[in-house]
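Undergrad: this one's sequence-less:
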């Protein structure tokens with residue numbers, strides 16, 4: 001196997017999507033919860049807690065219950081929010097960010 005001969009162990013990657021997800025999960029630019037990597041605390045395969053909104057194309061559309069976890073992350077953007085899914089999540093995040101920005105001014 002050429003990948004093994006150059007030191008790239010690709011034998012555990014089953015699809016192109018899994019290969020890309022492995023890089024994107026740790027990128028600082030965008031916070032995304034992929035359905036296949038969610039789970040309860042203590043779960044062996046869970047990278048992050050379950051989505052509290054709903055899923056569109058295997059990506060979590062964040063709900064208010066995701067905000068506490070989200071604010072502990074260090075990403076520049078969070079993907080996805082939707083007013084029809086949970087307007088409270090957007091309202092609370094907007095209020096939190098506004099208060100944080102105003103506090104930094106004083």
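TA: Good, I have the coordinates. Computed from a predicted model, the values in this text were never measured in an experiment.
Undergrad: what comes up buried for stretch 42-62?
TA: For stretch 42-62, a neighbour-count test (16 or more other C-beta atoms under 10 Å) marks 48, 49, 50, 51, 52, 53, 60, 61, 62 as buried. In short, each C-beta sits where N, CA and C put it, glycine included.
Undergrad: and if you look at stretch 61-77?
TA: 61, 62, 63, 64, 65, 66, 67, 70.
Undergrad: Who is the residue lying closest to the last one once chain neighbours are set aside paired with across the strands?
TA: By the measure of C-beta to C-beta, 6 or more residues apart in numbering, the closest residue to residue 70 outside its immediate chain neighbours is residue 78, 5.8 Å from it. Applying DSSP bridges to residue 78 gives these bridge partners: residue 31.
Undergrad: wait, residue 78 sits on residue 62?
TA: Yes: taking contacts as C-beta atoms under 8 Å, residue 78 lies within contact range of residue 62: 6.5 Å.
Undergrad: Next one: the residue nearest to the spatial centre of the chain from residue 43, what distance?
TA: The centre of the chain sits closest to residue 32, judged by C-alpha atoms, centre = their mean, with a distance of 2.6 Å. Distance, residue 32 to residue 43, using C-beta to C-beta, to the nearest Å: 18 Å.
Undergrad: that older thread, would TSV of the buried residues of stretch 42-62 with secondary structure, pLDDT and distance to residue 86 be doable?
TA: Output for the buried residues of stretch 42-62, formatted as TSV (DSSP: H, G, I helix; E, B strand; the rest coil; pLDDT from 0 to 100; distance: C-beta to C-beta, whole Å):
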residue	secondary structure	pLDDT	distance to residue 86
48	strand	87	17
49	coil	92	16
50	coil	94	14
51	coil	95	11
52	coil	96	8
53	coil	96	5
60	strand	96	11
61	strand	97	8
62	coil	97	7
